[in-house]
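1. Sequence isn't available, so here's the structure alone:
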DNA sequence: CTAGGGTTAG
């Protein structure tokens, strides 16, 4: 334009700055336009031009220049203050946003819709629930509740502050909704673990004629974690393909994650290797997918690809996932080395999560004492998950004394948790120390701690069938029981010996045997075998870890009836096929 | 000229 000898006017510079705002941070295009604007007399002085320049400096990360420009603006208007507020939230400095809001107020300016949205955003980012609630009242008084955007940011604010119910109240009161409103409400539920409600809102949105957007699909996909969501996840994948949004980085990352969490690494891989670009989250989700099934080799190889590609540097989540994969896959040495060198190699300081991973890694490999040394040398206070990892390992390998130390720490940190008490009691039980096992049970009763009941579930024809141990109430109980007896004989003929060492109470051996045959996962499997047609893998979920005997039995059954069985317990996946499990008996 | 929603770990 300048080369053609045309003179820029006051419309030229704002659009030029807007374009420059999305240039890479090191590009000098923004500052060049700045000098031109000065040369042509638009700066300082023109509020439109200076606001655009201000925003550009923030967006390209030149904070000092932005603040300097803001400082010398002769006539700061709301838009200028808003640029400060919105960019501060975007960069994760919510306090600065709130400060700027009051700055605007003190300077005699009147906040507008954008300022109010930014304020709610800041309260969401800083988790300032009561400040946001007060501001909610104020915004209503000023008449801002007529604005969709303001209401949307209120829904988002309540959702982020863990108040999905309050978000819903705002949402229900909205006379007009747009796509953002629906997404914010779905996110509010999804981020607070209310998967069913999130999905119900999604369905309502679709019924109301809302098109599925990248935002909507990536958000709903997070509600499909675990085997039960697989059908739903595949449906959403199809929806994304039909709407041509499956290549969007958020959608693709969410798909990789969803398939990984459902134990379908092949599907995750297909998306991962086909998409044009990947970001940190995509890489992490893929490594996480391998970690879920305990495929340490592939986790390490993708991690290696990530480093060599130079696309993105790993972060602490990447390392949590890789070390977890090593732990589950039995690559103890590799995992430990990564943990030891993550600081110098990748500049990532080990966090509490990494310590928990490495204690788990060493513990699984039978190196409980080494794990204990790591805990003792920690620069930060060991958390519940660190001691929990040690206790779990001690229980697995019968290291009763060290287990007791871990358990005592756990009781201090979380006296009400039933899982730790049960683990310790079981550990004593399997060491034959019945008096101590019973004592802990009694103690639980006295203090009023109830054990989470173990249960397993299977979906069939869109109905979830839940089983608890010794469950006789299911309508198909007789058939289930008959099938289990038959399988028991076949398994014994094939060399199966019941493993009753973790049976809770001091029962006679025979009673222990019949006890383990009423475990919830066995009931769920029998139900699956009866209902689900041959050839279709049986997918079972369990809220606690799978028991040792069930694990052994499932290997036999997968071979005897020639069926794939996939169990997701509260810790990882077990994929049974032809007398073997994907965990290699290492879990 | 400024604005509202999304993906990973725990």
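-> That came through fine. Note that the structure is predicted; figures quoted are calculated from it, not measured.
2. Which is the succeeding secondary structure element to the lowest-mean-pLDDT helix or strand in chain A?
-> Lowest on mean pLDDT, DSSP states H and E among the helices and strands of chain A sits helix A:509-516, with a mean of 73. As assigned by DSSP states H and E, the chain's next helix or strand after helix A:509-516 is helix A:520-531.
3. so what does the next helix-or-strand element following that following helix touch, helix or strand wise?
-> Toward the C-terminus, helix A:520-531 is succeeded by strand A:538-542 as the next helix or strand (DSSP H and E). Counting contacts by 3 or more Cβ pairs under 8 Å, 6 or more residues apart in numbering; DSSP states H and E, strand A:538-542 packs against strand A:455-460, helix A:520-531, strand A:565-568. Where C-beta positions appear, they are placed from N, C-alpha and C, glycine not excepted.
4. Export the ones you listed as a markdown table, with columns for distance to residue A:133 and mean neighbour count.
-> Output for the helices and strands packed on strand A:538-542, formatted as a markdown table (distance: least, Cβ to Cβ, whole Å; neighbours: other Cβ atoms under 10 Å):
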| stretch | distance to residue A:133 | mean neighbour count |
| --- | --- | --- |
| strand A:455-460 | 38 | 20 |
| helix A:520-531 | 43 | 24 |
| strand A:565-568 | 39 | 24 |
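5. Let's have those in CSV, adding distance to residue A:316.
-> Putting the helices and strands packed on strand A:538-542 into CSV (distance: least, Cβ to Cβ, whole Å) gives the following:
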stretch, distance to residue A:316
strand A:455-460, 33
helix A:520-531, 34
strand A:565-568, 25
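6. Could you pull up the residues touching the residue in the stretch 301-450 of chain A that DNA strand B sits nearest to?
-> Closest contact between the stretch 301-450 of chain A and DNA strand B, by Cβ to the nearest atom of the strand, is at residue A:317 (4.0 Å). Shown in contact with residue A:317 (Cβ atoms under 8 Å, 6 or more residues apart in numbering): residue A:284.
7. go on, the one 4 residues further on?
-> With contacts taken as Cβ under 8 Å, 6+ apart, residue A:321 has the following neighbours: A:284, A:287, A:288, A:290, A:291, A:299.
8. Relative to residue A:89, how far out is it?
-> 29 Å (Cβ to Cβ, to the nearest Å).
9. Please apply the same query to residue A:119.
-> Counting by Cβ to Cβ, the separation of residue A:119 from residue A:89 is 9 Å.
10. residues bridging contact with the two, i.e. touching both?
-> Taking Cβ under 8 Å, 6+ apart as the criterion, residue A:119 and residue A:89 both touch residue A:97.
11. For those two, indicate the residue with more neighbours.
-> Taking neighbours as other Cβ atoms under 10 Å, residue A:119 and residue A:89 compare with residue A:119 leading, 28 against 23.
12. so that one sits right up against residue A:102, yeah?
-> No: counting by Cβ atoms under 8 Å, residue A:119 sits too far from residue A:102 to count as a contact (9.9 Å).
13. pLDDT on stretch A:440-460, on average?
-> Averaged across stretch A:440-460, pLDDT comes to 82.
14. How far off centre is it?
-> The chain centroid and the centroid of stretch A:440-460 are separated by 25 Å, computed with Cα atoms, centre = their mean, to the nearest Å.
15. If we go by neighbour counts, what in it is buried?
-> For stretch A:440-460, the buried set under the neighbour-count rule, 16 or more other Cβ atoms under 10 Å, comprises A:440, A:441, A:444, A:449, A:454, A:455, A:456, A:457, A:458, A:459.
16. what's near enough to touch the last one?
-> When contacts are counted by Cβ under 8 Å, 6+ apart, residue A:459 touches A:228, A:231, A:465, A:539.
17. Provide the partner residues of it in its beta bridges.
-> Beta-bridge partners for residue A:459, by DSSP bridges, are residue A:464.
18. what about it, distance to DNA strand B?
-> To DNA strand B, residue A:459 is 21 Å away according to Cβ to the nearest atom of the strand, to the nearest Å.
19. Which elements pack onto the helix or strand hosting residue A:200?
-> Assigning secondary structure by DSSP H and E places residue A:200 in helix A:195-207. On a contact count with 3+ Cβ pairs under 8 Å, 6+ apart, helix A:195-207 meets helix A:179-190, helix A:214-221.
20. Same list, these, but as a markdown table with distance to DNA strand B and mean pLDDT please.
-> Output for the helices and strands packed on helix A:195-207, formatted as a markdown table (distance: least, Cβ to the nearest atom of the strand, whole Å; pLDDT from 0 to 100):
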| stretch | distance to DNA strand B | mean pLDDT |
| --- | --- | --- |
| helix A:179-190 | 4 | 96 |
| helix A:214-221 | 3 | 95 |
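21. okay if I get the ones you listed as JSON lines plus mean neighbour count and distance to residue A:325?
-> Output for the helices and strands packed on helix A:195-207, formatted as JSON lines (neighbours: other Cβ atoms under 10 Å; distance: least, Cβ to Cβ, whole Å):
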{"stretch": "helix A:179-190", "mean neighbour count": "24", "distance to residue A:325": "26"}
{"stretch": "helix A:214-221", "mean neighbour count": "24", "distance to residue A:325": "22"}
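22. Now tell me what touches stretch A:250-261 from outside.
-> Residues contacting stretch A:250-261 (Cβ under 8 Å, 6+ apart): A:214-215, A:217-219, A:221-222, A:224-226, A:229, A:233, A:236-237, A:240, A:245-246, A:265, A:267-268, A:271-272, A:275, A:279, A:281-282, A:285-286, A:288-290, A:292.
23. and that stretch with DNA strand B, contact?
-> Yes: Stretch A:250-261 reaches DNA strand B (Cβ under 7 Å from any atom of the strand) through A:250, A:251, A:253, A:254, A:257, A:261.
24. in that stretch, what's buried?
-> Neighbour-count burial for stretch A:250-261, counted by 16+ other Cβ under 10 Å, picks out A:250, A:251, A:252, A:253, A:254, A:255, A:256, A:257, A:258, A:259, A:260, A:261.
25. now, which of those residues lie within helices?
-> The helices, defined by DSSP state H, take in A:250, A:251, A:252, A:253, A:254, A:255, A:256, A:257, A:258, A:259, A:260, A:261 from the buried residues of stretch A:250-261.
26. Distance of the residue nearest the centre of chain A relative to residue A:318?
-> Computing the C-alpha centroid of chain A and ranking residues by Cα atoms, centre = their mean puts residue A:222 first, at 7.9 Å. Using Cβ to Cβ, one gets 19 Å for the distance from residue A:222 to residue A:318.
27. Kindly report the same for residue A:205.
-> Per Cβ to Cβ, residue A:205 is found 34 Å from residue A:318.
28. Likewise for residue A:258?
-> 19 Å.
29. what's the answer for residue A:122, then?
-> Counting by Cβ to Cβ, the separation of residue A:122 from residue A:318 is 29 Å.
30. Near the residue lying closest to residue A:323 once chain neighbours are set aside, how many other residues are there?
-> Spatial nearest neighbour of residue A:323, excluding adjacent residues (Cβ to Cβ, 6 or more residues apart in numbering): residue A:357 at 4.2 Å. The number of residues packed near residue A:357 is 28, by other Cβ under 10 Å.
31. So residue A:357 sits against residue A:320, correct?
-> Yes: counting by Cβ under 8 Å, residue A:357 does reach residue A:320; the two are 5.9 Å apart.
32. tell me which parts of the stretch 1-150 of chain A are close to DNA strand B?
-> Going by Cβ under 7 Å from any atom of the strand, the residues of the stretch 1-150 of chain A near DNA strand B are A:14-15, A:18, A:21, A:47-48, A:51-52, A:55, A:77-80, A:82-83, A:86-87, A:89-90, A:112-115, A:117-118, A:121, A:124, A:148-149.
33. Please flag which of the residues you listed sit within helices.
-> Judged by DSSP H, helices contain the following of these: A:14-15, A:18, A:21, A:47-48, A:51-52, A:55, A:78-80, A:82-83, A:86-87, A:89-90, A:113-115, A:117-118, A:121, A:124, A:148-149.
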